[in-house]
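In: quick one, structure for this:
(chains A, B and C)
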Amino acid sequence: MAGRDRGLFLLRRFAGTVVVVALLSVGMFGLLYLAPGSVQQTLLGTRPATLETIAAIQARYHLDEPLPAQYLRWLGGVLHGDLGTSVRTGMPVADMIGQRLPLTLALVGYGALLALLVGVPLGVVGALRRGRAADRLVVTAGVVGLSAPPFAVGLLLLVVFAAGLGWFPVYGTGEGLADQAWHLTLPAVALAVGAVGMFVRFSRAALIRELDQDYVVFARARGLSGAAVIGYALRNSLVPILTAAGLIVTGMLAGTVLVEVTFALPGLGSLLVDSVTFKDVPAVQALGLLFTLLIVAVNLLVDIGYSVADPRVRFGGRTS
Amino acid sequence: MRGRFPAVARRRPQVAVAGALAVLLAVAVAAVLSPWLVPGATDQDLVLGITGPVPGHPLGTDDLGRDVLELLVAGARTAVPGALCVAAGSMLIGNLIGLPAGYFGGWADALAMRWADLMFSLPALLVAIVVAGVLGGGYGLAVAVLVVLFAPTDTRVVRGAVLEQRHRPYVEAALLKNLSAWRIMTRQIWPNIASVTLANGFLNFAYALVSLASLSFLGLGVPAGSPDWGRTLADNRAQLLVNPWAVVAPGLAIILTAAALNIVGDWLHERVDRRGRAR
Amino acid sequence: MKESTGTGATAEPAIRVEGIKVRQPSTGRTLLSEVSFEVAAGESVAIVGESGSGKSLTVRAMLGLLPQGLEATGQVRIAGERVDDDPRARRRQRGGVVSLLMQDPFTLLNPLRRAGRQIADGLPKGADAAVEVPRLLAEVGLPANVAGRYPFQLSGGMRQRIGLAAALAGGPRVLVADEPTTALDATTQREVLSLIRRVQRERDMAFVLITHDLRLAFSTCDRVMVMYAGRVMETGSAAAVRHEQFHPYTRALLAAEPPADRRLAVIPSVPGAVPAHDAAAGRCGFADRCSLAVPECRTGVPEPRPVRVSGNVREGRLSACLRAAELPAPPAPEPGVVSRPPVAAEPVLEVRDLRRWFAGSPHPALAGVSLTVAPGEVVGVVGESGSGKTTLARCVAGLERPDGGAILLGGADCSDYGRMGRAAVRQARRISQMIFQDPYSTLNPARTVGATLREALWADGRPAGPDDLARLLESVGLARDMAGMRPAGLSGGERQRVAIARAVAGEPRLLICDEPVSALDVSVQAQVLGLLAELRERLSMAMLFITHDLAVVRQIADRLYVLESGTCVETGLADRVLDAPEHPYTRTLLASVPDGSGDWLD
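Out: Modelled structure (predicted):
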């Protein structure tokens, strides 16, 4: 019975996700019409407006058809892996993305791991030492961290650790796994600083809330060990921390744009900025859709996490 | 059970709050008075060019020979008003939609909330980069796009606060006195949620400041050469070996101002919470 | 301590507490002081007091479980070991020597852990959970398969039983229970209390019960200790204190508790409210509310001393009253009066076959309820949680839309406020008004009392000048200078008075009262009931009085409707229904009211 309920829960969430993606794909398609100037001009970019180029665009985009038909054609292409041709480079957008995706995923993964490993333990320390000096330090550092935009952190890190101390390279991606990790460390730290601040805030608040609950006092009163009592509270703060993790990781997808530009890394983020600056609408559409899918995937993972972490979700019970 | 034990006064690091208020005061003074304090902030000195700290230029100059310290002071003037507009604008929209949505409920509320959920799951900055980029960028556009992107969060906060009050007996008693919905919303409920929206406004202010600086850094905000913190960073990052201060100073300015706003916002939030608990 | 109880005077008591004092260093406030008592092995003691008496803080201090920011001083010995200065000894003792059962069954269990595991977590090292958990579950009257459930899958009563099993898992010699049944329905309360007492006797544990209910204390425990404003007022065996009180406060508390078996002409109430501990420093805390106070009561703090009446020491009795020995004999119990006969007149409220079924709920909240209220008549609606009584009140007030049936107010159809014209709605609102249960949220915290009441007068089309406001305040027993205050500065009773003033500002013909006194302390409850009775006379106002408390409803209602699961199971004159109940459910409800006798739980 539990399995069926969880299946239903996930099915509902999945259906919701499909609707969200569909809505956002309409938005992405709409970008073409949002750009200043005529659609034809946008798609031409800097190419000369010859009969052939215009005919090619006509053949591909069917601009004379009604909008819904155009959208469906575009969507059909996307579903078949045809993300269009970059106005800027003339290359298929899918190829450009394929080249750059691994770096961005590695960067976000590295950053998220760092943030999780640093942020949550700090938040727990803050909650357990509530009101003491250690807590104040953690809280203040957390606020400064989450206030710091990744590009500012990145440049400060470059000034100190690359230009000043010379511990890390200034630019480049490196070769081989270890070298790549070494090159990605400063960018990942720049990306993680804000996320650490968020993890500190959410995990500290969640754990403090749980430590104030009656069941914690009751557990202490009937002689459970300190570790067991903290275990109770930690287990219960998992759900809010999971919620925060979803928001933090999706936020990092935005942060990676800034970090990649700061460190001149050839990832999806710098591709997005280049495409946006060049008004390369097909590339922007494809990248927007890809980011949307990544965000949706993260949120879906969080939902699955909920149903594992909280039996009330699993059994469809009500939170009291 | 609520109120069984006396409310415990928990002390916050008041030093941090005092420091934050001092930073905000300095930034506010710079924002208002910079035309008089540093009238020549954008004057170029191409002969001098970029240099580290020298007499007369305590933080050195950038590659156009502009004084970094003066640029820093002038930068407050673009950093603050835009962010303030975003925070105030989204607060206004949030109240205008969130108050009736929370009070009346129904399908319009459900629709507004689905929309807010959707926007909430997307990182505002990412959407702002795409939309502002495709539309062509610019400071005013960046501010407008951020208002639209921030409003859903405010709407959710206001609606949530209204829902919390909506079924309290004092609201129902007002309903039984046949007071109009408008009067109940504005005179009964709003005074009890105003502090929540204000505290949220400070957090938005901080986030807007950082977002605007990010857009300017990417070239989607203020035009090149403007004395904006994010823009100065972008303009000088190639030169960080020659005069690191041209990068460090605006970077720290953004971080400190945003942190100060967040600290004050948190402090307000905590006061609201404590009052709520003491009831 | 000089007293001794039946259980072997030489044996070391299970608990000995001397001179406990609890302070809040950040504000410099003292919350209670000089609290001393002992509990013999196997003995049960109830600590009784209203809110602010310090009863919960006393045991929290004793157990070393004070909330953050509070500090305790004083000696505590548990099972012969001094623990107040030894946190390690405390930790060692928890579970195995002393255990605590808390108030709210909905929050005391870890929501994400199966019941059986939570019980097993408290077992001593080396115990076999597979054997012990089912045994403990059986001891608290639950089947073994409950072990696999999560708390959210269990009812309040079952959760409290799980809580008891978990508290017992370590095999404690002392069990402390802090209002363990206050959050439960009356019938469940009696079951759980009777279970706790049975277990306590079988295991021969010492037992400390914290409660606000003096009768419940008499019925459950061997001895009682009455606290007020952070001090001990009186101690003695349950039977003796029930028979004869040596402190005016104990008397007042007992008198203010309305009886379920008869209707009093007037419920004796004490004016004023419980002062803060510091506000009563250096004198008897009760002096300002005491009709027997003499000047000496205000010159020093009276210590609890053995009571000596005409030369004889009363065994086991302590009283903190200077005049304990010379208190006049308490007045004889008031004879009951009969409730008013029904009036033959066009009803002010008529409800026909009212139905409401909330989406997602397995049972209807209201499954066809009909009732009438005649002008000037007080009609009580009683039932436990889930009976539909509050839904009924909210439908009548127009705060909830019924699915079916009709509501007639003054003859006009008010079944659906959404479909009524503006004038009809205004008319209906002028006829009926409502007061609510929670005194903390019933007033707008952002507005002054004056602003709230002026708006009420204005909305009801009455003049709202300063004199009108003062008259309204005086009509509910409040001073006119209270107009400038905000709710945060008022006591629970004062807030409820303001709420009543707001409701009656336009002199409605019907006042809907949804549990108006159940969140108040007994002494304040008596005041508010008195005020309602007085207003009813003066304004010839009818009332629909919703409550779970049969003793309260007995004092005010003329006729009763008993609701169970959304249906009316019994109706009639209040005296008839309560003296000769016909339906088994009514009889169960009546049996669940504590009567103060020692055999109530048997």
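In: tally of neighbours for residue 205?
Out: Using chain A here. 17 (other CB atoms under 10 Å in any protein chain shown). (Glycine included, C-beta is placed from N, CA and C.)
In: that answer is for a different chain, and I need it for chain C
Out: As a burial measure, C:Met205 scores 22 neighbours (other CB under 10 Å).
In: same deal with C:Glu202?
Out: 9.
In: element containing it, please.
Out: helix C:186-203 (DSSP states H and E).
In: do that helix and chain A meet at all?
Out: No: judged by CB under 8 Å from any CB of the partner chain, helix C:186-203 makes no contact with chain A; its nearest approach is 14.7 Å.
In: quickly check: that helix near chain B or not.
Out: No: counting by CB under 8 Å from any CB, chain B is not contacted by helix C:186-203; separation bottoms out at 15.8 Å.
In: which of the three states applies to whichever residue of chain A sits closest to chain C?
Out: Nearest to chain C in chain A, going by CB to the nearest CB, is A:Gly223, at a distance of 2.0 Å. For A:Gly223, the secondary-structure state derived from DSSP: H, G, I helix; E, B strand; the rest coil is coil.
In: tell me which strands the helix or strand just after the helix holding C:Glu202 pairs with, and in which orientation.
Out: Using DSSP H and E, the helix or strand that follows helix C:186-203 towards the C-terminus is strand C:206-211. Note on strand C:206-211: by DSSP bridges, its sheet partners are strand C:44-48 (parallel), strand C:174-178 (parallel).
In: quick one: which of those is nearest C:Gly236?
Out: Judged by CB to CB, the one of these that comes nearest to C:Gly236 is strand C:44-48, at 10.7 Å.
In: skipping its backbone neighbours, what lies nearest B:Ala181 in space?
Out: B:Tyr103 (6.6 Å; CB to CB, 6 or more residues apart in numbering or on different chains).
In: what do you get for B:Val158?
Out: B:Gly98 is the one closest to B:Val158 (CB to CB, 6+ apart), at 2.9 Å.
In: tell me how far that neighbour lies from B:Met185.
Out: 11 Å (CB to CB, to the nearest Å).
In: shared neighbours, the two?
Out: B:Val162 (CB atoms under 8 Å, 6 or more residues apart in numbering or on different chains).
In: got the residue ranges for the helices in the stretch 201-350 of chain C?
Out: In the stretch 201-350 of chain C, the helices defined using DSSP state H, counting those that start in this stretch lie at C:214-220, C:238-243, C:248-256.
In: quick check: buried residues in the second one?
Out: Pointing back at helix C:238-243 there. Residues of helix C:238-243 classed as buried by neighbour count (16 or more other CB atoms under 10 Å in any protein chain shown): C:238, C:240-242.
In: and stretch A:43-58, does that touch chain B?
Out: No: using CB under 8 Å from any CB, stretch A:43-58 never reaches chain B; the gap is at least 12.9 Å.
In: who touches that stretch?
Out: A:32, A:40-41, A:61, A:63-64, A:87-88, A:278-282.
In: quick one on the thing from earlier: so for B:Gly98 and B:Met185, which residue has more residues nearby?
Out: Taking neighbours as other CB under 10 Å, B:Gly98 and B:Met185 compare with B:Gly98 leading, 29 against 21.
In: check contacts around the residue nearest the centre of chain A.
Out: Nearest to the geometric centre of chain A sits A:Thr250, at 2.6 Å (CA atoms, centre = their mean). For A:Thr250, the contacting residues are A:294-295, A:298-299, B:121-123, by CB under 8 Å, 6+ apart.
In: state the helix or strand in which it lies.
Out: Following DSSP H and E, one finds A:Thr250 within helix A:226-262.
In: how about that helix: buried residues?
Out: So for helix A:226-262, counting by 16+ other CB under 10 Å, buried means A:229-242, A:244-262.
In: neighbour-wise, give me the winner out of the contacts of stretch A:43-58.
Out: That'd be A:Asp280 among these, by other CB under 10 Å, with 28 neighbours.
In: check whether that residue really touches A:Gly90, as I assumed.
Out: No: when contacts are counted by CB atoms under 8 Å, A:Asp280 is not listed as touching A:Gly90 (10.4 Å).
In: on that earlier part again, and the helix holding C:Glu202, which residues are buried?
Out: C:186, C:188-193, C:195-197, C:199-200.
In: quick check: angle from that helix to strand C:206-211?
Out: Here the directions of helix C:186-203 and strand C:206-211 differ by 160 degrees (axes from the mean of the first three to the mean of the last three CA atoms, to 10 degrees).
In: other residues contacting helix C:186-203?
Out: Residues contacting helix C:186-203 (CB under 8 Å, 6+ apart): C:44, C:101, C:139-141, C:156-157, C:160-161, C:164, C:168, C:175, C:177, C:180-182, C:184, C:205, C:207, C:216, C:219-220, C:384, C:548, C:588-589, C:591-593, C:600-602.
In: next step: the residues you listed restricted to strands.
Out: Per DSSP state E, strands hold the following members of these: C:44, C:101, C:175, C:177, C:207.
In: show me what contacts the last one?
Out: By that I understand C:Phe207. C:39, C:43-45, C:174-177, C:196-197, C:200, C:221.
In: and if we set it to 7 Å?
Out: C:Phe207 sits next to C:44, C:175, C:200 when contact means CB atoms under 7 Å, 6 or more residues apart in numbering or on different chains.
In: do the third one as well
Out: Contacts of C:Leu175 were listed using CB under 7 Å, 6+ apart, and they are C:99, C:101, C:167, C:200, C:205, C:207.
In: go again using 10 Å as the cut-off
Out: By CB atoms under 10 Å, 6 or more residues apart in numbering or on different chains, the contact list for C:Leu175 reads C:44, C:98-101, C:164, C:167-168, C:196, C:199-200, C:203, C:205-209.
In: interface residues of the stretch 51-200 of chain A facing chain C?
Out: A:130-131 (CB under 10 Å from any CB of the partner chain).
In: the stretch 51-200 of chain A: strands as residue ranges?
Out: When assigned using DSSP state E, counting those that start in this stretch, the stretch 51-200 of chain A turns out to have no strands.
In: repeat for the stretch 501-602 of chain C
Out: Using DSSP E, counting those that start in this stretch, the strands found in the stretch 501-602 of chain C span residues C:510-514, C:542-547, C:559-564, C:567-573.
In: between those strands, which one is closest to chain B.
Out: Among the strands of the stretch 501-602 of chain C, strand C:510-514 sits nearest to chain B (CB to the nearest CB), with 8.7 Å.
In: leaving out the residues flanking it, which one is nearest to residue 252?
Out: Looking at chain A here, since you left the chain open. Nearest residue to A:Met252, sequence neighbours excluded (CB to CB, 6+ apart): A:Val108, at 5.2 Å.
In: chain C, not that one
Out: Closest residue to C:Ala252 apart from its sequence neighbours, by CB to CB, 6+ apart: C:Val270 at 4.6 Å.
In: how about the contacts made by the one you found?
Out: If you count contacts by CB under 10 Å, 6+ apart, then C:Val270 has C:248-249, C:251-253, C:255-256, C:286, C:289-291, C:522-524, C:526-527 around it.
In: let me know the closest of these to chain B.
Out: For the contacts of C:Val270, the nearest to chain B is C:Val524 (14.7 Å; CB to the nearest CB).
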